[in-house]
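Enquirer: Okay, structure incoming, though there's no sequence with it:
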């Protein structure tokens, strides 16, 4: 008898905590995606920055300096495009996360309502 009570209690606790576990999984998955995005962004920015610095190291005369200055528009354009892409990716991650949390909430409310009925 005590085994049944304990077993039932354990099962009901698992069912009750399932939405919390699902939310925690969503949070961890989203955090992992965000960190991966940030790492990729940092790698891209430092690659752009060091390429620009290496190009500056090749400047040894006025002509090379003028050529370097002329390419700065391309550098700024590359960084701006990367920033815009990163902002879009972060917004998409946030939107996807929000949609998944809302779906989880609706499913939890639906499940609770069905059990109450």
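Expert: Noted; the coordinates are in hand. Every value quoted in this text rests on a predicted model; they were computed, and no experiment measured them.
Enquirer: Centroid-nearest residue for the protein?
Expert: The geometric centre of the chain, computed from its C-alpha atoms, lies nearest to residue 34 (CA atoms, centre = their mean), at 2.3 Å.
Enquirer: roughly how far out does whichever strand or helix holds that residue sit from the chain middle?
Expert: Residue 34 belongs to helix 2-57 when assigned by DSSP states H and E. Relative to its chain's centre, helix 2-57 lies at 8 Å (CA atoms, centre = their mean, to the nearest Å).
Enquirer: what helices or strands is it leaning on?
Expert: helix 72-116 (3 or more CB pairs under 8 Å, 6 or more residues apart in numbering; DSSP states H and E). Yep, even glycine has a C-beta here, placed from its N, CA and C like the rest.
Enquirer: for the helix it packs on, the distance to its chain's centre please.
Expert: With CA atoms, centre = their mean, you get 8 Å for helix 72-116.
Enquirer: relative to helix 2-57, how tilted is it?
Expert: For helix 72-116 against helix 2-57, the angle between stretch directions is 170 degrees (axes from the mean of the first three to the mean of the last three CA atoms, to 10 degrees).
Enquirer: Let me know the secondary structure of residue 59.
Expert: coil (DSSP: H, G, I helix; E, B strand; the rest coil).
Enquirer: Tally up the residues packed near it, please.
Expert: 14 (other CB atoms under 10 Å).
Enquirer: for it, what are its contacts?
Expert: By CB atoms under 8 Å, 6 or more residues apart in numbering, the contact set of residue 59 is 65, 68.
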